[in-house]
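Novice: Kindly generate the corresponding structure for this input.
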Amino acid sequence: MIRRQFLKNSLGAATAAALSGCGTKDQRVQLTFGSYADPGVDILKDEFLPEFEKATGIATEWVEADFSGWLQKALNDGETKAGAFDIYVMDDLWVPRFAGAGYLANLEELGFRPDADFLPTAIDLGYWPPKTGLRQPGVDAAAKPTLFSLPLVSDVQILFYRRDIFGATPPASWDDIRRVASQKSNPGKRQYGWVTRGARGNPVMNSFFVLLHDFGGAEFGENWNVTFNSPQAVEALEFYLSLLPYEPEGVAEFDSDQEGETLLQGSAFAATIWTGWCRQTDDPSRSRVVKKIDFCVPPRKINRVAKLGLFMTGIAASAPHKAEAVEFLKWFTRSDVQIRFARAGGIPFKMSAFQDQEARTKSRWLDAILEAMTVGVPSPRTSDWSKVEDILGTHLNLALLDKGNAKSHLDAAAAEATAFLKSAGYHAG
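Specialist: Numbering: from 1, shown residues only. Have a look, this model is predicted:
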């Protein structure tokens, strides 16, 4: 339901059990999964892991914590080579950091070969160095991209829009979004044309990302030169700020939960949201706008793109059960298993699963997700992106609070990010 939701869980007891080597009573091999807590993986852990156990005789243990807590535990496990976990569940942003540091096993050496049914934008996120684009300092320019990670659950930001407000035809441009917002918003009756995540750092950056790319901008140019204060980026932020009169008060503090709930309660006409919210829109216990929300790729300005943000998985370099871990990856990535995963309500990563008629009937948003995945763009593939994202996201939040001065806020972010990149060994100028 909520992308990267921070939950009050702990790895303590479960990690201790994993470290102590406790197994099942019948002494079967036990695969230990480590993950951040998120409803996006519930179908996998609740329905498909038991099926895998029954099919293979391999036991599984699922250990989870909040997003930041699991990241630190996984990094510690990778650095110390403790072998407490066999399989890491990762945000796609972690792949450069984990693969670059040697914390992930080489899947090609373990005998995994991806087939042609994988969506290219999904499988490509698992290679390090990246197949295309810039390579961060210290990475050999001649190094062959190698598969270290696989998609686990697809996720991408798509446009949720009210069909009863916009009509049967989805908004074709960002100007359509603003026009309908200006004509039909009524803040006095809690009717808003747009809602966004504005909280500093990752939330507001995720919301701005699509606009930045749709307006022809990008985070970096050649040689890691910062370009998110280009004329195109300034125009994108000015448009983003122009929607503020048609949004709820306090959006500068909104994260995914406030954004999604505003839409589900019938108070917003449109938003770009992660796919985990799709099912909630048709749940009468959660939504006041059942069957009134449709889905599509975010509108076009110069480009038409969507923001990728997949759940990824990899085998720990220190995993005690690598052979069994590979067996799980081969099983779960089979096309027939992915089709059943899609039919159960999961978001798959194989073309045949997206095209399955039964899955499409049960999950009416799959067509929009497939189109968005096809044109999806990931965050820059560098282990240092999280720092740059925090810098830019801080200044974007200040622009929301300021309700203007787009260029000055982006220039300040660019100067700060350039200084950081130079200190980190990038040839940014």
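
Novice: Only C-alpha atoms from now on, for both contacts and neighbour counts.
Specialist: Will do.

Novice: Now the host helix or strand of residue 418: buried residues?
Specialist: Using DSSP states H and E, residue 418 falls within helix 406-423. By 16 or more other Cα atoms under 10 Å, the buried positions in helix 406-423 come out as 406-407, 409-411, 413-414, 417-418, 420-421.

Novice: again, but for stretch 375-389
Specialist: Buried, per 16+ other Cα under 10 Å, within stretch 375-389: 376-386, 388-389.

Novice: List the ones among those that fall in helices.
Specialist: 385-386, 388-389 (DSSP state H).

Novice: Serialize these to CSV and add fields for pLDDT.
Specialist: As requested, these are exported to CSV (pLDDT from 0 to 100):
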residue, pLDDT
385, 96
386, 94
388, 97
389, 97
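
Novice: and which of those residues is nearest to residue 225?
Specialist: Distance to residue 225 across those (Cα to Cα) is lowest for residue 388, with 12.1 Å.

Novice: Domain map for this structure?
Specialist: The chain breaks down into these domains under automatic domain parsing: 12-155+309-377, 157-307+384-423.

Novice: Which of those comes out lowest on mean pLDDT?
Specialist: When these are compared by mean pLDDT, domain 12-155+309-377 comes last with a mean of 93.

Novice: Alpha carbons of stretch 350-358, as PDB, please.
Specialist: Extracted C-alpha coordinates of stretch 350-358, given in PDB (Å, rounded to 0.1, in the frame of the first residue of the first chain):
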ATOM      1  CA  LYS A 350       7.700 -10.900 -17.200                       C
ATOM      2  CA  MET A 351       5.900 -10.000 -20.400                       C
ATOM      3  CA  SER A 352       3.800 -13.200 -20.500                       C
ATOM      4  CA  ALA A 353       2.400 -12.500 -17.000                       C
ATOM      5  CA  PHE A 354       1.400  -8.900 -17.900                       C
ATOM      6  CA  GLN A 355      -0.300 -10.200 -21.000                       C
ATOM      7  CA  ASP A 356      -2.200 -13.000 -19.300                       C
ATOM      8  CA  GLN A 357      -5.900 -12.400 -19.800                       C
ATOM      9  CA  GLU A 358      -7.000 -13.700 -16.400                       C
END
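
Novice: next one: it to chain centre, how far?
Specialist: On the basis of Cα atoms, centre = their mean, to the nearest Å, stretch 350-358 sits 21 Å off its chain's mean C-alpha point.

Novice: Please identify the buried residues of that stretch?
Specialist: Judged by neighbour count (16+ other Cα under 10 Å), stretch 350-358 contains these buried residues: 350-354.

Novice: Break down this structure into its strands, ranges please.
Specialist: 30-36, 59-65, 87-91, 127-128, 146-147, 150-153, 157-162, 270-274, 293-296, 306-307, 311-315, 376-377 (DSSP state E).

Novice: Pipe those into JSON lines and attach distance to residue 397 per row.
Specialist: Formatted as JSON lines, those follow (distance: least, Cα to Cα, whole Å):
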{"stretch": "strand 30-36", "distance to residue 397": "26"}
{"stretch": "strand 59-65", "distance to residue 397": "28"}
{"stretch": "strand 87-91", "distance to residue 397": "23"}
{"stretch": "strand 127-128", "distance to residue 397": "32"}
{"stretch": "strand 146-147", "distance to residue 397": "36"}
{"stretch": "strand 150-153", "distance to residue 397": "29"}
{"stretch": "strand 157-162", "distance to residue 397": "20"}
{"stretch": "strand 270-274", "distance to residue 397": "17"}
{"stretch": "strand 293-296", "distance to residue 397": "26"}
{"stretch": "strand 306-307", "distance to residue 397": "19"}
{"stretch": "strand 311-315", "distance to residue 397": "26"}
{"stretch": "strand 376-377", "distance to residue 397": "22"}
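
Novice: Pick the most deeply packed of the ones you listed.
Specialist: strand 306-307 (a mean of 28; mean count of other Cα atoms under 10 Å).

Novice: So which elements touch that one?
Specialist: strand 157-162, helix 202-214, strand 376-377 (3 or more Cα pairs under 8 Å, 6 or more residues apart in numbering; DSSP states H and E).

Novice: Go again with 6 Å.
Specialist: On a contact count with 3 or more Cα pairs under 6 Å, 6 or more residues apart in numbering; DSSP states H and E, strand 306-307 meets strand 376-377.
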